[in-house]
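A.B. asks: got a predicted structure here, sequence first:
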Amino acid sequence: MRLFVIVEGQTEEAFVSQLLAPHLLSYGLYAYATIVGTPKRRGSAPLRKGGGDWPRWQRDIRRVLGEQRKADVRVTTLFDLYGLPSGFPGLAEHQPDRDTIRRCEKLEAALATAFADWRLIPYLQRHEFEALVLAALPSVRSLLDAEDDLAGVDALAQDIAGMAPEDIDDGRDTAPSKRLLAHVPSYRKTIHGPLAVGDVGLAALRARCPRLDGWLARLEALPTEPTR
């Protein structure tokens, strides 16, 4: 079975190709990452940026579903709950919900309804990919050597002590990515993020991030599910 993972950017693409795909291969699932909203210049390869507005995301999801029509194909998403683009299905209705676990579930259901394709498995990371990086802070520390960066990692660890990574809020200044940048000025998402989560490994991430664990368990079970 083939699995297409639609992601927001290069960091998530690296996570899928370097960590998730090798893991899922042992379950008989071939996983491929594709960046949503990647613009393309006429006559050239796509620019490796990602992001953009919801119509571009919608177009790309429909394209993947349209190009991959077989029953042995599944499509899933790896999007951050924090910072979803305006127009995302259900966002206007559910954004005010302060229970972000419920908000994730409602938005995933709205995304599934919007595309009405049983092969689509929506997933939103609560609150963003950097929650996984916070679950791997010792590995982040090992990638740095400047004294102010090391002190920043230690201060960040104290700041979030006792908090589950996926519980860290989605405030404008306190979301996981904002905390990382505030404490560790040299942190670069596309460089340090994949290296840190790859170093700590999926087992450790799953132990600290139950929502991620539930998504991965669903993916692991896909090859055993009957096709419709």
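C.D. replies: Sure, I can see it.
A.B. asks: shaky segments in this protein?
C.D. replies: For the chain, the stretches with pLDDT under 70 are 38-51.
A.B. asks: just the strands in it please.
C.D. replies: Counting by DSSP state E, the chain has strands at residues 2-7, 30-35, 73-80, 120-121, 124-125.
A.B. asks: so the residue nearest the centre of the chain versus Ala175, what's the distance?
C.D. replies: Geometric centre of the chain, nearest residue: Leu78, 3.8 Å, by C-alpha atoms, centre = their mean. Computed as C-beta to C-beta, to the nearest Å, the Leu78 to Ala175 distance reads 17 Å. In short, each C-beta sits where N, CA and C put it, glycine included.
A.B. asks: check Leu24 too.
C.D. replies: According to C-beta to C-beta, Leu24 stands 28 Å off from Ala175.
A.B. asks: number of nearby residues for Pro210?
C.D. replies: Pro210 has 13 neighbouring residues, counting by other C-beta atoms under 10 Å.
A.B. asks: which residues touch it?
C.D. replies: Residues in contact with Pro210 (C-beta atoms under 8 Å, 6 or more residues apart in numbering) are Ala164, Glu166.
A.B. asks: for Glu130, see how far away it is.
C.D. replies: Applying C-beta to C-beta, the value for Pro210 to Glu130 is 17 Å.
A.B. asks: what is the neighbour count of Lys106?
C.D. replies: For Lys106, the neighbour count with other C-beta under 10 Å is 19.
A.B. asks: my read: it touches Asp97, true?
C.D. replies: Yes. Applying C-beta atoms under 8 Å as the test, Lys106 and Asp97 come out as touching, 7.0 Å apart.
A.B. asks: can you give me the domain boundaries for this structure?
C.D. replies: Split into domains by automatic domain parsing, the chain comes to 2-128+208-224, 130-204.
A.B. asks: first vs last residue of the longest one, how far apart are they?
C.D. replies: Spelled out, it's domain 2-128+208-224. One end of domain 2-128+208-224 sits 13 Å from the other (C-alpha to C-alpha, to the nearest Å).
A.B. asks: same question, the last one
C.D. replies: Counting by C-alpha to C-alpha, you get 15 Å between the two ends of domain 130-204.
A.B. asks: and the helices in this protein?
C.D. replies: 10-15, 21-25, 54-67, 91-94, 100-115, 130-134, 137-142, 147-159, 176-183, 189-200, 202-208, 210-220 (DSSP state H).
A.B. asks: with distance to Met1 added, can I get these in CSV?
C.D. replies: Converted to CSV, the helices of the chain look like this (distance: least, C-beta to C-beta, whole Å):
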stretch, distance to Met1
helix 10-15, 20
helix 21-25, 9
helix 54-67, 15
helix 91-94, 31
helix 100-115, 19
helix 130-134, 25
helix 137-142, 31
helix 147-159, 39
helix 176-183, 32
helix 189-200, 24
helix 202-208, 19
helix 210-220, 10
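A.B. asks: between the ones you listed, which one is nearest to Phe4?
C.D. replies: Taking C-beta to C-beta, helix 54-67 is the member of these nearest to Phe4, at 5.4 Å.
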